[in-house]
Structures are given as structure tokens and as C-alpha cells.
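K.L.:
Next one to model:
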Amino acid sequence: MRKKDVICLLITALVIFYCPGSLSAQSDEGYAPTESGVFLNSGYTYDPSDGAIFSQISLFRLYDYDRIWKHKAPDNLRFKVEGSVGSAFLDDNDVKFIANAGVLALLYLDRFETDRIKPYLEAGIGVIYTDYRVTGQDYRFNFNPQAGIGIEFKRKGSQNRFVSLRMHHISNGGFGSLNRGQNSIVFAFGQYF
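P.N.:
Okay, here's the model as predicted:
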């Protein structure tokens, strides 16, 4: 494993488990419980059309939104911090390293919740490192806005499992003269622990 791969892994782990670090000392009274989970995701870059297929493993922490942002928010709103590492499989049979970290707002759709499922919407932004660049892309480090929909499957006596579908964008946000973005659709499945 190369030095930059190790650095990306360490940064991802720090973001997930120690940000914000002071939360563990705060009282849980009045807040939804903080949860952690893991998921596998796989995506296809449809724009540009000669894009990549990628797979990642991701870890996340899910906080009550009010706990992070000190203002009144809906009871069904959460704040997610996540990090992912994996590989992109390019059309030329080359395999490249990718890593990203981000934050998302997650809104449970209480109106559609049943005793078996709990649907949600999520959207946010992060940063991503790709060990490759598409033609017309200036940087390997870019912004990574995402938005999606998911369903948690309630399990009695066990932690919930979930699936989600996201739209995933990579762009330098206009910081570089060349800003050929990438757009992907991402499927994920995982479990809380």
C-alpha cells in the first residue's frame, strides 16, 4: 500500500470516529441515539460515458441533527458523517484507488414508515480523491456532492439494515481552468452496528 493510500485511510477514520470529538461527553437526554454503521457501495459513472465502475467500503456515524447544529430542527432529521475507500475499475482494465469523506443531512420520511421499513432522503457534500482523472479534469482532489433515497429495514432484536440509491457528482467547483465533472449512480447496502 502506498503512503498516500495510508494517509487517506487514516484521515477517513479520524473524520468518522472523532468528529465532532466532544459529543461523547454530552448527555443523550433529549437526543436521538448516535448510531454507527458500515455499508458497501458500487457505482457506475455514466457521464462521461467512458467512465468507471467503482466499489467502496464505507463507515459512518449518524447523529441527531440538533446535537451538532445548536438550533431547533425536525425530530426526524439526522446528521451523517461518512468516509469511504475502494477502487475504480476503468475501461482500459486499470484499477485505481479512490477515497472520499463527507457530511449529509438525512431526513426520515415518517409519513411512509411502517413496522417493517423506515424510508429516508439524504443529501450532502464532501471531498473525494481519485487516483485517476478523466479527460478535461484538472485535479485528483475534488468536491463530491451527493443526494439519494434509502430504506431501513427494521429487525427485532438486531440492528437495522438498509439499501440506498444516490446520485454522485465529482467536480472542482470552478477552482481549476479544466472542470470536466463526473456523474455516477451509486447503489449501497449496509447495516448499523
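K.L.:
OK, contacts around the residue nearest in space to the middle of the chain?
P.N.:
The residue lying closest to the centre of the chain (C-alpha atoms, centre = their mean) is Glu82, at 5.0 Å. Contacts for Glu82 were tallied using C-beta atoms under 8 Å, 6 or more residues apart in numbering; they are 16, 58-61, 101-104, 126. Every C-beta, even on glycine, is put in place using the N, C-alpha and C of the backbone.
K.L.:
Pipe these into a markdown table and attach distance to Thr34, neighbour count and pLDDT per row.
P.N.:
Conversion of those to a markdown table gives the following (distance: C-beta to C-beta, whole Å; neighbours: other C-beta atoms under 10 Å; pLDDT from 0 to 100):
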| residue | distance to Thr34 | neighbour count | pLDDT |
| --- | --- | --- | --- |
| Ile16 | 12 | 18 | 51 |
| Ser58 | 17 | 21 | 97 |
| Leu59 | 14 | 20 | 98 |
| Phe60 | 11 | 21 | 98 |
| Arg61 | 6 | 20 | 97 |
| Ala101 | 18 | 23 | 97 |
| Gly102 | 18 | 21 | 97 |
| Val103 | 14 | 15 | 98 |
| Leu104 | 15 | 23 | 98 |
| Gly126 | 20 | 19 | 97 |
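K.L.:
Buried residues, whichever strand or helix holds Ala101. List them.
P.N.:
Per DSSP states H and E: Ala101 is located in strand 95-108. By 16 or more other C-beta atoms under 10 Å, the buried positions in strand 95-108 come out as 96-102, 104, 106-108.
K.L.:
Kindly report the same for stretch 52-69.
P.N.:
Within stretch 52-69, the residues that count as buried by 16+ other C-beta under 10 Å are 52, 54, 56, 58-68.
K.L.:
And stretch 115-135, by the same measure?
P.N.:
Neighbour counts over stretch 115-135 (16+ other C-beta under 10 Å) mark 118-120, 122, 124, 126, 128-131, 133-134 as buried.
K.L.:
Is Lys118 bridged to anything, and to what?
P.N.:
Beta-bridge partners of Lys118, counted by DSSP bridges, are Glu152.
K.L.:
Surely it touches Lys154?
P.N.:
Yes: counting by C-beta atoms under 8 Å, Lys118 does reach Lys154; the two are 6.3 Å apart.
K.L.:
Show me the shaky parts of this structure.
P.N.:
1-28, 50-51 (pLDDT under 70).
K.L.:
mind listing the strands for this structure?
P.N.:
35-47, 53-64, 77-89, 95-108, 117-130, 141-143, 146-153, 161-170, 182-192 (DSSP state E).
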